[in-house]
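Asker: Just need the structure, nothing else, for what follows:
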Amino acid sequence: MEVETIVQLIERIGVPIVVLGFCGWYIKFLQIGFRESTEKSQDAFSKEREEWLLNERQADERLVELMKASSEALIEMKTALAEQTVVMRELLGRLDRKR
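Answerer: From the prediction side, this is the model:
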């Protein structure tokens with residue numbers, strides 16, 4: 001808009017109406033900018049959340065594998081301890097018989 005056009009608007013419809021029109025335009029300008037920045041931040045947030053969830057799933061899978069391995073190791077230790085207990089009892093029995 002040229003200066004003459006703005007002056008003619010002010011003369012015809014008055015200062016308050018022109019200021020209200022400018023304020024309306026400015027508010028719309030701000031809302032468009034806010035909307036664009038919000039969309040960008042939401043996209044970034046969604047991407048970050050997806051990456052976080054993927055990392056969490058991978059960590060959970062590793063934890064489950066670790067728990068399985070630990071469980072298997074404990075079962076093997078339990079079996080070995082039971083077998084050693086049986087052998088120790090047999091040895092003690094033989095030692096008692098020799099006396």
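Asker: mind checking how far the worst-scoring helix or strand of the chain on mean pLDDT is from the chain centre?
Answerer: Scoring the helices and strands of the chain by mean pLDDT, DSSP states H and E places helix 3-13 at the bottom, with a mean of 82. How far helix 3-13 lies from its chain's middle: 55 Å, per C-alpha atoms, centre = their mean, to the nearest Å.
Asker: swap in stretch 34-49?
Answerer: How far stretch 34-49 lies from its chain's middle: 14 Å, per C-alpha atoms, centre = their mean.
Asker: hang on, the earlier thing: outside of the least confident helix or strand of the chain, which residues touch it?
Answerer: By C-beta atoms under 8 Å, 6 or more residues apart in numbering, the surrounding residues in contact with helix 3-13 are residue 18. For the C-beta atoms, the positions are set from N, CA and C on the backbone; glycine is no exception.
Asker: Ok, stretch 28-45 next?
Answerer: Contacts of stretch 28-45 (C-beta under 8 Å, 6+ apart): none.
Asker: how far out from the middle of the chain is it?
Answerer: Using C-alpha atoms, centre = their mean, the offset of stretch 28-45 from its chain centre is 21 Å.
Asker: With stretch 46-63 instead?
Answerer: 7 Å.
Asker: and what of stretch 56-71?
Answerer: 19 Å.
Asker: so where do the helices sit in the protein?
Answerer: In the chain, the helices defined using DSSP state H lie at 3-13, 15-98.
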